[in-house]
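> Below are the sequence and a predicted model; questions follow.
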Amino acid sequence: MNHGTAGSLRAVTLDDVRGAQKMLSGVSRATALESSRHLSRLVGAPVHLKCENLQRTGSFKLRGAYVRIAGLLPEERAAGVVAASAGNHAQGVALASSLLGVRSTVFMPKGAPLPKISATREYGAEVRLHGQVVDETLAAAMEYAERTGAVFIHPFDHPDIIAGQGTVGLEVLEQCPEVRTVVVGVGGGGLIAGIAVAVKAYRPDVRIVGVQAEGSASYPPSLAAGHPVAVRDPATMADGIKVGRPGEVPFGIVAELVDEVRTVTEDELSAGLLLCLERAKLVVEPAGASPVAALLSRPDSFEGPVVAVLSGGNVDPVLMERVLRHGMAVQGRYLAVRLRLPDRPGALAALLRALSVVDANVLDVSHVRTDPRLGLTEVEVELHLETKGPEHCSEVERALREAGYTVIA
C-alpha cells in the first residue's frame, strides 16, 4: 500500500515480536494449522486455517495482553490494570493478569453476552457492567484508571500488544514456510499489524490481506485519507472487529506493510461461519470467520498457499443460532413462508402433506388465529423449513402455489 511513513515501522520491530514469543513460551498455545480441502478446491491452491479460536480464552487476545502486562514496572503492577471490552480482550486481560499476579478490573457493556461475562470473572477479573455500547464502557474504564492509578490496557493501540499478536505471524511461517498469502480479520488493527511485522521481515513477498465487515470498515477510508478516520455508527454482528476507528500505532504499520484491506457483507460472514462449522468442524465467532468469508466471496483473487487466521471462537449461543439460520437462508437451505388457511379441521395436516411431497423438512410451525388482519374463518401459518438449495426453495414455493396456497410476502 505504501500509504505510511518510514518512521511507522519503529513502533514495533521483528526483535519485539521475537521477544514476545519468548515471553509467551508456556503461556499461550502454538495453535494448530488445519488444511481445508473445500476451500482449497475453491481457491485452486492449498488453504490452511490458523486456529486461534482454540487459543486459551478462545482468541489471540491473550498474547498481546500478557506481553503488555508482563512489561509493566513493579509499581505499575501494584496499582493493578483496567480494560474495557465486550468479550475477547476482557478474557485475555483477565487470564494474563491472573497468571502474572496482577489485580484486574474489566468494564463490559451491560448487554455483553452472559457467557463472556462469566468467563471473564472465572479468569480472575473484577467485572463491572457499565454503558450500553463499548464507547461508554471505554470512557468508564478510562475514568477508573485516572481515579485509581490502574494501568489501562488498550485492546490494540500499543506496541506491546501488537508485538504479542505478531507471534501468530511467526507461527504461520514456522507451520507453513511456503505461504504466499495471509488473510486476517481487522478491527482496530493490532493483530494484522503484528502479523505483518513478523511475516514481512522474513518474507516480504508474502501478500497480507485484511478483512473488515462492510458496516464497520474504517481502514479503507483511513488509508485513502492517510490518517485514521472514524466510521459513524459502525454496525455488524462481528463484534470482535466492530471498531469505529483504527488505532494510531497499528495504522502506521498497516499503511506501510499490509497489501490490501477488503470488506465482506453480513451474508458473507454468515456463510463463512457456517462453512467453518460444517466443513472444518470448528466453532468460530463471526469476526473469526471473516477471512473465510473473503475467500468464499472472491476465491480466484488469492494466490496460494493461503493461511486464513481464525481469530476467535467466543460466540454467544443465541447469536450462533441466528447466524446459522441466516447462513442457511443465504445458501437457499432455509426457507420461511407465511400463508393463510381456512380455519377448519385437517387444513394444517393437508399443508404439511403438500410439503412432505417435495421433501421439505419442517423445523417450526407458528399458528395464529387471533389477528385483526384475518377473516373470521382464516388462520395464518408461518413455517420454517430446511431445504436443499435455491432450486429446492423454488420447487417448494411452486408446489404450494399448485396446491392452491397463496404465500404472503
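Received, thanks.
> Give me the number of neighbouring residues for the nearest residue to Gly19 once chain neighbours are set aside.
Closest residue to Gly19 apart from its sequence neighbours, by Cβ to Cβ, 6 or more residues apart in numbering: Ala163 at 7.0 Å. Bear in mind the C-beta positions are built from the backbone N, C-alpha and C, glycine included. Under the neighbour criterion other Cβ atoms under 10 Å, Ala163 is assigned a count of 31.
> Val12 now?
Val12 - counted by other Cβ under 10 Å - has 29 other residues nearby.
> What of the one 4 residues further on?
One way to gauge burial is a neighbour count; for Asp16, by other Cβ under 10 Å, it gives 20.
> what helix or strand is it on?
helix 14-23 (DSSP states H and E).
> name the helices or strands packed onto that helix?
helix 61-70, helix 159-175, helix 190-202 (3 or more Cβ pairs under 8 Å, 6 or more residues apart in numbering; DSSP states H and E).
> If we go by neighbour counts, what in the second one is buried?
By 16 or more other Cβ atoms under 10 Å, the buried positions in helix 159-175 come out as 159-173.
> of those, closest to Ile192?
Gln165 (8.4 Å; Cβ to Cβ).
> thought that closest one was touching Arg63?
Yes - under the criterion of Cβ atoms under 8 Å, Gln165 makes contact with Arg63 at 5.6 Å.
> how close does the residue nearest the centre of the chain sit to Leu319?
By Cα atoms, centre = their mean, the mean C-alpha position of the chain lies nearest to Ala287, the distance being 0.9 Å. Ala287 sits 11 Å away from Leu319, going by Cβ to Cβ, to the nearest Å.
> quick revisit: please tell me I have it right and the residue nearest to Gly19 contacts Leu191.
No - Ala163 is beyond contact range of Leu191, at 11.6 Å (criterion: Cβ under 8 Å).
> Looking at the helices and strands packed on helix 14-23, spot the one closest to Arg401.
helix 190-202 (49.6 Å).
> roughly how far is stretch 114-121 from the heart of the chain?
Distance of stretch 114-121 from its chain centroid, counting by Cα atoms, centre = their mean, to the nearest Å, is 18 Å.
> Count the residues that sit near Val362.
For Val362, using other Cβ under 10 Å, the count is 13.
> Please look at it and Glu382 and confirm they touch.
No - between Val362 and Glu382 there is no contact, the gap being 11.2 Å when judged by Cβ under 8 Å.
> Need the three-state assignment for Thr263.
Three-state assignment for Thr263 (DSSP: H, G, I helix; E, B strand; the rest coil): strand.
> Can you give me the buried ones in stretch 130-138?
Under 16+ other Cβ under 10 Å, the buried positions of stretch 130-138 are 130-131, 134, 137-138.
> Kindly report the same for stretch 71-82.
Applying 16+ other Cβ under 10 Å to stretch 71-82 flags 71-72, 77, 79-82 as buried.
> got it, and stretch 230-247?
231, 234, 236-247.
> now swap in stretch 281-300 and tell me
Quick answer for stretch 281-300 (16+ other Cβ under 10 Å): 282-297, 299.
> Repeat that for stretch 259-271.
Neighbour count says stretch 259-271 has 260-264, 266-271 buried, by 16+ other Cβ under 10 Å.
> how about Val211, what does it touch?
By Cβ atoms under 8 Å, 6 or more residues apart in numbering, Val211 lies in contact with 183-186, 261-264, 290-291, 293-294.
> what about it, which helix or strand?
strand 207-213.
> Let's see the helix or strand following that strand as PDB, backbone CA atoms only.
Using DSSP H and E, the helix or strand that directly follows strand 207-213 along the chain is helix 219-225. C-alpha atoms of helix 219-225 as PDB (Å, rounded to 0.1, in the frame of the first residue of the first chain):
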ATOM      1  CA  TYR A 219      -9.500   1.100   7.300                       C
ATOM      2  CA  PRO A 220     -10.300   1.700   3.600                       C
ATOM      3  CA  PRO A 221     -11.300   5.400   4.100                       C
ATOM      4  CA  SER A 222      -8.500   5.900   6.600                       C
ATOM      5  CA  LEU A 223      -5.900   4.500   4.200                       C
ATOM      6  CA  ALA A 224      -7.300   6.700   1.400                       C
ATOM      7  CA  ALA A 225      -7.100   9.800   3.700                       C
END
